[in-house]
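Enquirer: Sharing a model prediction with you, sequence too.
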Amino acid sequence: MTAVEFTDVNKWYDNGLHALRDINLSVNTGETVVICGPSGSGKSTLIRTVNALEPIDTGQIAIAGTPVQMMDRRSLRRRVGMVFQSFNLFTHFKVLDNLTLAAEHVAGLDQAAAEARAMQLLDRVGLADQAQKYPGQLSGGQQQRVAIARTLMLDPDVLLFDEPTSALDPEMIAEVLSLMEDLAREGRTMLCVTHEMGFARNVADQIVFMAHGSVIEKAPPAAFFDNPQTMLAQAFLSKII
Amino acid sequence: MSKAIHWCGTVVPPRAAPRRDATVWTRLRNALFRTPMQGAITLVLALLLAGFAPGLVEWALIDAVWLPSDPAACTEPGAGACWAVVSEKYRVMLFGAFPYSEHWRALLAMLLIVAGFVYSAFPRHWRARLAAIWLGLLALVLWLMLGGFGLRPLSTSDWGGLPLTLILFAGTVTFGMPLSLFLALGRESQLPAFRWICIGMIELFRGLPLLVVLFLASLLIPLFLGDGMTIDKFVRALVGMVLFFGAYASEIIRGGLQALPRGQYESARALGLTYWPMMITVILPQALRIVVPALVNDIIRAFKNTSFVAVIGLFDFLGATKAALEDPLWVRYSLEAYLFLIAVYFAFCWTMSRYASWVERRLDISKRRGE
């Protein structure tokens, strides 16, 4: 089944930049797709259109067959969760309250139910003992794991990761990647923008390579890494590996 | 041959930091005589002080006339400061033309307002219900000051002195804060018409001196109301003060909204929060916390600005003091009366500015905890 489908998607920024050009892409349910490419290639813009943080100008994006434009924002974002590069935890809330906020305001859970679910998810990411701390008291890796748990609170159908390890100190990258790997293994649909090529090779089902706002290649990791089809992809891989 | 590996280096054990404290003597020397130039300035100032201080003390304390026996006592040769003017006139200065027998009501109203500010000073009380508390408190104050329900009825034209100053101040902040929030959010609104109205109001009232705003309020508002309808002079002044305060405070709040990282907005939206829940739970608590020191500063200014209403004919503390000094028997001693007025204003403003620096440090500490 198709979880996310882009059909002829185009986007221009206000300054005239053609950020996404004729994107056609489909992501199956349960698939992990890694989007890579040089900076400025439109990777982040692409995944930010899925939960409508960035509006598109032409074309259509559908979640499980329903066009994003037809869904109201609240139900779209309940179905599509997002993890950011800079965690974006709410610094004035304790870890536990970061998780319960959307469950109470968006999913309509009562406080006890929201807290029970939050503790379950914090336990799952190995941070149950940090529930009463403020985000500023945690390490970067811990903050990102909290952010992932926060996203899971609404049990979204699709998870978006926008360079989730790029703001982390090197020794903390592994803990976040292994959590993402667990999520991929349990069959979540994930779109990840990342420069972690090890993760891409071992975990992804598909690699999407972008340049200049276009999807240049789409292939399983083994094919993409061992046998890139285009000069652009070869040049990119030769620089980062 | 393999290279030798040092499994552990030498870990240097921690030591106590060198002592930095100094004796009183070295501290004084550093403060007053660090360089020859500084020493010279210290000496000159000390000489000046020695020259003036004895005369000042003699005038203000030793030869001063304290009791309101008779203004004649102040005219005797060798008499110093005539503090008698304060003990004679303090009721008029503090309460203006408020009926003497009802002064207890005005005093109670002042105490209520001061209690309200003390309560509001603690960050743990900064909840939406604070606005409701203030509305209730002001209703109580209005009852005390206007009477009815068992109290002798009075009108705002009876109000004067420090109660008037404090009610204007409390009213300005109570109504001005919500207005400033409304304007700050409106200025960033997606609805063009609404946004332009908010920008227009902010720029208009920021672009005019407060004195002009007060004149406008007292002259223009009656024009809009049409014949037969009058609106209280006090209310007109309050409207002017609220608009002026709201325009300035809204720009401060907007600064806080802009200082907040965009990621806070994005993650709130990505979690499905709609505009109002996002603003109320995520954005405003953080944005307001950033601008608290600046807002407190503006609130102090609002207190001082109340003295402007004297020019549109309201007898606030300053106006009432001026009126009290029209008594020909005491008019010569206006200096002493104004020194008293200065002391009262200073006590209020200094307390608030001490509070401002306390709350700044306090928020800084909790920020370090929170980020």
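Expert: That came in fine, so what should we check first?

Enquirer: And stretch A:89-98, how far out from the chain middle?
Expert: 20 Å (Cα atoms, centre = their mean, to the nearest Å).

Enquirer: brain fart, stretch A:45-62
Expert: That offset, for stretch A:45-62, works out to 14 Å (Cα atoms, centre = their mean).

Enquirer: Equivalent analysis for stretch B:151-159, please.
Expert: 26 Å.

Enquirer: Could you pull out the buried residues of that stretch?
Expert: Judged by neighbour count using 16 or more other Cβ atoms under 10 Å in any protein chain shown, the buried positions of stretch B:151-159 are B:154, B:156, B:158-159. Using the backbone N, CA and C atoms, a C-beta is placed for each residue, glycine as well.

Enquirer: cool, and stretch B:341-360?
Expert: Neighbour-count burial for stretch B:341-360, counted by 16+ other Cβ under 10 Å, picks out B:341, B:344-345, B:348, B:352, B:355-356, B:359.

Enquirer: List the buried residues for the strand or helix carrying B:Ala131?
Expert: For B:Ala131, the host element (DSSP states H and E) is helix B:129-146. Residues of helix B:129-146 classed as buried: B:134, B:137-138, B:141, B:144-146 (neighbour count, 16+ other Cβ under 10 Å).

Enquirer: Figure out how far it is from the centre of its chain.
Expert: The answer for helix B:129-146 is 19 Å, by Cα atoms, centre = their mean.

Enquirer: got the angle between the next helix or strand after that helix and helix B:129-146?
Expert: Heading C-terminal from helix B:129-146, the first helix or strand you meet, by DSSP H and E, is helix B:161-187. For helix B:161-187 against helix B:129-146, the angle by axes from the mean of the first three to the mean of the last three Cα atoms, to 10 degrees is 150 degrees.

Enquirer: and the helix or strand hosting A:Thr7, which strands flank it?
Expert: Per DSSP H and E: A:Thr7 is located in strand A:2-12. Next to strand A:2-12 in the sheet, as set by DSSP bridges, lie strand A:18-28 (antiparallel), strand A:58-63 (antiparallel).

Enquirer: Pull out the buried positions in the shortest one.
Expert: Think strand A:58-63. A:59, A:61-63.

Enquirer: Check the longest one too.
Expert: Taking 16+ other Cβ under 10 Å as the basis for neighbour counts, the residues of strand A:18-28 that come out buried are A:19-21, A:23, A:25, A:27.

Enquirer: quick check, nearest of these to chain B?
Expert: A:Ala19 (16.9 Å; Cβ to the nearest Cβ).

Enquirer: Quick check, pLDDT for the closest residue to B:Leu135 other than its chain neighbours.
Expert: Spatially, and ignoring its direct neighbours in sequence, B:Leu135 is nearest to B:Thr174 (6.9 Å; Cβ to Cβ, 6 or more residues apart in numbering or on different chains). With respect to pLDDT, B:Thr174 has a value of 94.

Enquirer: that older thread, so which elements touch the helix holding B:Ala131?
Expert: helix B:103-120, helix B:161-187 (3 or more Cβ pairs under 8 Å, 6 or more residues apart in numbering or on different chains; DSSP states H and E).

Enquirer: okay, the angle between it and helix B:103-120?
Expert: 170 degrees.

Enquirer: Give me the contacts around helix B:129-146.
Expert: B:105-106, B:108-109, B:112-113, B:116, B:119-120, B:149, B:151, B:153-156, B:159, B:163, B:167, B:170-171, B:174, B:177-178 (Cβ atoms under 8 Å, 6 or more residues apart in numbering or on different chains).

Enquirer: For PyMOL, what selects the buried ones among the residues you listed?
Expert: Burial among the contacts of helix B:129-146 is assessed by 16+ other Cβ under 10 Å; the matching PyMOL selection reads:
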select buried, chain B and resi 105+106+109+112+113+116+120+154+156+159+163+167+170+171+174+177
